[in-house]
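Asker: sequence below, structure please.
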Amino acid sequence: MKRINITVCFLVVLIANTALGTIHRVPEDYNTIQAAIEACRDYDTVVIAAGRYCGLGNRDINFLGKAITVRSADPTDPQIVSSTVIDCEGKGRGFIFNRAETSNSVIAGLTVTGGYALLGGAIYCYNGSDPLITRCLITGNSAVFGGAIACTNTNSRPQITNCRLTANSALVGGGAIYCNAAGPELTNCFISSNIAPDGGAIYSHNPGNPRIASCTISANAASGSAGGIYCYKSSNLTINNSILWANSAGYASAILVGNLGAATSVGLSYCDIQGLDANVIADAGCTVNWGRGNIALDPHFVAPADLTGADYHLHKGSGCIDAGDPAFAAQPDETDIDGNPRIIGEKVDIGADEYLPPVPVAIEITPQALSLASNGNWLRCTIFSPDNYNISDIVLGSIVLNEILSPVQTNVDLLTREILVTFDRSQTLKMLSTAEGTAELTVSGRLNDGRDFEGTDTIKVIRPAGKK
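Answerer: From the prediction side, this is the model:
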């Protein structure tokens, strides 16, 4: 994760919507979420306190066509989002939209889990419904079609923004999302670790024209075809500024463009796709339109998909940094998945995450001169508090030297606001074995808010006479 910079624009929207109507609180004013919705008029807001909500009235929740917002106490705070849980307990889905709701019908900052249904384990949109689903965690749901979300009929076009869809499953298609004659718009989302026989992440068919922009789609799996995305029968799909990496399938690990009844096309631009056309397969009569800016570079996630506790934020040196569409212009209120500005560097980054440079810290290495023939045991580094942080904000177990070497000892002095870390000198000398004259050493790690920090010091390297 990264440091969360709450955007003023998002708060302004919430405040403005609240000012237009009445706030209904659950459970203070109403025992269930559905009861609160039934009491609402257009532009009212239902605020759900942190807690776990189960049972009738807290699953299969219907907006009844109302232009209202249903949200957690603070959708911009990931801890509040993860602790405001709609648990369907395998007995239904979280929400259903079927009365032509528009983007004025909003779900914000909720966790939906434990859903099970034929269509859409967590959320089902049909009958021309276009709600806004934002800053939600949708995890651990299952369905026959669309483990997390299903969109069908009359071209329903929900907007799904800044969400995490992870560890959902489908019995037939669309581990995360299923589309049938529908065109959802996904922006700034992580879609990971979902599974299905076909379309591990997304399964789309019949005319609908879904759009995917600035998303990270990784570590999804299909036992049959299309670990990432399966689209066919004129479900013409547009994908830009997105990552498809480490998805797996028996056939077409990234994308399968199928011709089952009608030709289909997929447009790709400024995407990072593992293997490019080797993993993007089009049936006869179908088309993959390779636009500008597509790459096949390891995105260098903070914690790759094959590791426990995967973290799909970009790591320093990722080829996705500043590699997005140079013509991209963020909307005034648009952020990345963490609430940071959508453009931080020279250009937009590819994927859901904008890379945040590390917080600079001052460090001091001792000794300042190091002989390659040294018999000493230790190299020490003093880390001073970064600006706007306390020394206690540094995660001690994250500290490394040159991104490789962990300290053998760490001591914190809260009085002087310093951390003294000790590295094994012999291991340090191995890293410096080819150094000439001076060497730059970098100590880095994590802060409690998820932001990286980094400090650099230069030492003199003494090479004994005759040693090469």
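
Asker: in the stretch 351-468 of the chain, which spans are helices?
Answerer: For the stretch 351-468 of the chain, the helices defined by DSSP state H, counting those that start in this stretch occupy 425-431.

Asker: quick one: low-confidence ranges for it?
Answerer: Scanning the stretch 351-468 of the chain for pLDDT under 70 picks out 465-468.

Asker: if we go to 50?
Answerer: Along the stretch 351-468 of the chain, segments meeting pLDDT under 50 are nowhere present.

Asker: again, but for the chain
Answerer: 1-13, 15-17.

Asker: per-domain residue ranges of it.
Answerer: Domain ranges of the chain: 8-314, 359-462, per automatic domain parsing.

Asker: winner for burial among these?
Answerer: Most buried of the domains of the chain by mean neighbour count (mean count of other CB atoms under 10 Å) is domain 8-314; its value is a mean of 22. Bear in mind the C-beta positions are built from the backbone N, C-alpha and C, glycine included.

Asker: quick check on the residue nearest in space to the middle of the chain: phi, psi?
Answerer: In the chain, the centroid-proximal residue (CA atoms, centre = their mean) is residue 190; its distance is 3.4 Å. Backbone torsions of residue 190, given as degrees, to the nearest 10, read phi -100, psi 130.

Asker: for residue 336, find the nearest of the domains of the chain.
Answerer: domain 8-314 (5.7 Å; CB to CB).

Asker: still on that earlier bit, dump the domains of the chain to CSV, plus distance to residue 338.
Answerer: As requested, those are arranged in CSV below (distance: least, CB to CB, whole Å):
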stretch, distance to residue 338
domain 8-314, 8
domain 359-462, 8
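
Asker: with respect to residue 329, which of those domains lies nearest?
Answerer: domain 8-314 (12.2 Å).

Asker: run the chain-centre distance for that closest one.
Answerer: Taking CA atoms, centre = their mean, to the nearest Å, one finds the center of domain 8-314 at 12 Å from the center of the full chain.

Asker: before we move on, what about stretch 354-371?
Answerer: For stretch 354-371, the distance to the chain centre is 29 Å (CA atoms, centre = their mean).

Asker: end to end, how far does that stretch reach?
Answerer: This stretch, stretch 354-371, spans 41 Å end to end (CA to CA, to the nearest Å).

Asker: how about stretch 338-345?
Answerer: Span of stretch 338-345 from end to end, CA to CA: 16 Å.

Asker: can you check stretch 415-433 too?
Answerer: 37 Å.

Asker: check stretch 116-131 too.
Answerer: Stretch 116-131 end-to-end distance (CA to CA) = 20 Å.

Asker: also stretch 29-37?
Answerer: 11 Å.

Asker: pull the residues that contact that stretch.
Answerer: The contact list for stretch 29-37, computed with CB atoms under 8 Å, 6 or more residues apart in numbering, reads 24-26, 39, 46, 48, 53, 55-58, 61-64, 66, 68, 70, 86.

Asker: circling back to that earlier point, state the distance from the residue nearest to the centre of the chain to residue 139.
Answerer: Per CB to CB, to the nearest Å, residue 190 is found 11 Å from residue 139.

Asker: anything in contact with each of these two?
Answerer: 164, 165, 166.

Asker: surely the second one touches residue 148?
Answerer: Yes. Assessed by CB atoms under 8 Å, residue 165 is found in contact with residue 148 at 4.7 Å.

Asker: okay, and the common contacts of those two?
Answerer: 138, 176, 177, 194.

Asker: show the contacting residues for the last one.
Answerer: So that's residue 194. Residue 194 neighbours (CB under 8 Å, 6+ apart): 147-148, 165-170, 175-176, 200-201, 220-221.

Asker: repeat that for 7 Å
Answerer: 147, 165, 166, 167, 168, 169, 175, 176, 200, 201, 220 (CB atoms under 7 Å, 6 or more residues apart in numbering).

Asker: next up, the contacts around the fifth one.
Answerer: With contacts defined as CB under 7 Å, 6+ apart, the neighbours of residue 168 are 121, 138, 139, 140, 141, 142, 147, 148, 175, 176, 194.

Asker: one more: the first one?
Answerer: Residue 147 is in contact with 121, 141, 168, 169, 170, 174, 175, 176, 194, 196, counting by CB under 7 Å, 6+ apart.

Asker: can you tell me the helix or strand for the first one?
Answerer: Here residue 121, judged by DSSP states H and E, is contained in no helix and no strand.

Asker: wait, it touches residue 115, no?
Answerer: Yes. Applying CB atoms under 7 Å as the test, residue 121 and residue 115 come out as touching, 4.0 Å apart.

Asker: so for residue 345, which of the domains of the chain sits nearest?
Answerer: domain 8-314 (10.7 Å).

Asker: nearest residue to residue 173 other than its sequence neighbours?
Answerer: Distances taken as CB to CB, 6 or more residues apart in numbering place residue 203 nearest to residue 173, at 3.5 Å, with adjacent residues excluded.
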